[in-house]
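Asks: coordinates only, sequence not included:
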Ligand SMILES: NC(=O)C1=CN([C@@H]2O[C@H](COP(=O)(O)OP(=O)(O)OC[C@H]3O[C@@H](n4cnc5c(N)ncnc54)[C@H](O)[C@@H]3O)[C@@H](O)[C@H]2O)C=CC1
Ligand SMILES: CC(C)CC(=O)C(=O)O
C-alpha cells in the first residue's frame with residue numbers, strides 16, 4: 001500500500017503505529033477528520049492476516065466514524081484503533097495501559113471506546129493512563145458497555161426502515177436473518193423477539209448460536225447459509241464487507257439493516273442494492289447508538305439523555321430515505337451527503353481540531 005497516496009486520496013489527517021514490546025502491544029490509530037471536534041472511535045482487537053489488512057481496517061473504520069459522528073449530529077471527528085492480536089489469547093492489562101499512554105500523548109485529538117474484541121475492563125485499564133477514553137465503568141457517571149445502546153439504535157432504525165419498505169414499522173411476524181449474535185446482536189435479538197419477530201441466526205461461535213436458540217427460539221443456520229434464507233430483513237451484525245458480488249444475488253430480503261461497520265464491500269454494492277430494490281439502512285447512520293451513548297460521557301453521563309438522543313436515529317434514517325427518494329439516489333449516497341454537508345459547513349469556519357480551543361471536552365467533569 002502506498003500509504004501517503006491513500007491518506008491523500010481519502011483525506012486522512014494522521015496514522016500512528018504504537019508498539020510496546022513488554023506487553024506485546026501492536027496498535028494502529030487512524031485519525032480521519034477532526035473538523036467537527038476530537039476524533040472518537042472504538043478500539044478493535046483482531047487477528048489480521050497481514051499488517052496491511054490491519055492498516056486498511058483501521059483507515060476504513062476511522063473514515064466511517066467521521067461520517068457516523070457527523071450524521072449523528074455529534075461535535076466529534078472520526079478515528080479508530082486496531083490492535084493486532086487474538087483477544088482470547090493475547091490480551092493483558094499492561095497492553096491496554098501502554099495503549100492508554102499512547103492515547104494520552106495525543107492530548108485529546110483521539111478518544112477511544114470499545115469495539116469488536118475489547119470490553120469495559122480493557123477501557124478501565126486505559127482509563128488508568130488517560131482521560132481520553134469512554135465506555136468505562138470505573139468512575140461514577142461512566143457509560144459502560146455501549147453494545148445494548150447500539151442495539152436499541154439498530155432496533156429503532158430497523159423500524160424506520162421497515163416503515164419505508166413495508167409501509168409499517170411493526171416488526172411483528174417479520175423474518176429477520178441475523179449474522180453474528182455477539183454483544184450488539186444478542187441485545188437486538190431480545191428486542192426483536194419481544195416484538196414478535198421470527199429470528200434466523202448464525203455465528204462462527206457455536207455458544208453464541210446456542211444462546212440465541214435457547215433465549216429467543218431462534219432458528220440456526222451455518223455461517224455461509226445466512227445469505228440464502230427466506231427472510232424480510234437481513235441484519236449484518238458481525239464484520240464488514242458482507243454485501244458484495246457473491247452475496248447480493250443470494251439475498252431474498254427487502255431490507256438490509258444491521259450493526260456491522262462497513263457493510264458494503266465497495267460503493268458499487270450500494271448501487272446494486274438500490275437497483276434491485278433492496279432498501280439499505282446506511283451502516284453508520286443506523287449503528288450510531290453506541291457512540292451517541294459514550295459521547296454523552298464527555299459532558300457528564302446522563303443515561304436518560306443518552307437514550308433519548310439515540311431515538312434520533314429513527315428520524316435520521318427518515319431524512320436519508322427522503323433525500324434518496326427526492327434525488328433518486330442510493331441511500332448510502334444520501335447519507336454521505338448529510339454527513340458531508342455538516343462537515344463542510346464547519347470547515348468554512350475552521351478545520352483541524354486542536355486542544356487549546358473551546359471544544360466538547362471543556363464540559364468533562
Ligand atoms: N459494540 C458496539 O457498540 C458497536 C458495534 N458496531 C459494529 O457491530 C458489529 C458487531 O459488534 P459487537 O457485537 O460489539 O461484536 P462481537 O465481537 O461481540 O460480535 C460479533 C459476532 O460476530 C461473530 N462473527 C464473526 N465473523 C462471523 C462470520 N463470518 N459469520 C458469522 N458470525 C461471525 C463473532 O463470533 C461474534 O459473535 C461490528 O462490526 C462492530 O464494529 C458498530 C457500532 C457500535
Ligand atoms: C463502539 C462505539 C462506542 C464506537 C465505535 O467505534 C463505533 O460506533 O463503531
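Replies: Thanks, I have the structure now. Owing to the predicted nature of the structure, the values given are computational and were not obtained by experimental measurement. Ligands and ions are numbered 1, 2, ... in the order given.
Asks: Residues of this structure that sit close to ligand 1?
Replies: 114-116, 146-147, 150, 179-185, 202-205, 208, 223, 237-239, 259-261, 287, 290 (CB under 6 Å from any ligand atom). All C-beta spots, glycine's among them, are computed from the backbone N, C-alpha and C.
Asks: and if we set it to 5 Å?
Replies: Within the chain, the positions near ligand 1 by CB under 5 Å from any ligand atom are 116, 146-147, 150, 180, 182-184, 203-205, 208, 223, 238, 259-261, 287, 290.
Asks: Leaving out sequence neighbours, find the closest residue to whichever residue of the stretch 51-200 of the chain sits closest to ligand 1.
Replies: Closest residue of the stretch 51-200 of the chain to ligand 1, CB to the nearest ligand atom: residue 182 (1.8 Å). Counting by CB to CB, 6 or more residues apart in numbering, the nearest residue to residue 182 once its immediate chain neighbours are dropped is residue 208, at 6.3 Å.
Asks: returning to that earlier point: give me the neighbour count for the residue of the stretch 51-200 of the chain closest to ligand 1.
Replies: Using other CB atoms under 10 Å, residue 182 has 15 other residues around it.
Asks: where's the residue nearest to residue 182 relative to residue 195, distance?
Replies: As judged by CB to CB, to the nearest Å, residue 208 and residue 195 stand 21 Å apart.
Asks: and if you look at residue 51?
Replies: Residue 51 sits 44 Å away from residue 195, going by CB to CB.
Asks: What of residue 20?
Replies: 46 Å.
Asks: Checking the residue nearest the centre of the chain next. Helix, strand or coil?
Replies: Compute the mean C-alpha point of the chain, and by CA atoms, centre = their mean the closest residue is residue 261, 4.7 Å away. Secondary structure, DSSP: H, G, I helix; E, B strand; the rest coil: residue 261 is coil.
Asks: Domains in the protein, by residue range?
Replies: What automatic domain parsing lists as the domains of the chain is 3-64+76-127, 147-343.
Asks: which stretch among the ones you listed comes nearest ligand 2?
Replies: That would be, of the domains of the chain and by CB to the nearest ligand atom, domain 3-64+76-127, which comes in at 2.8 Å.
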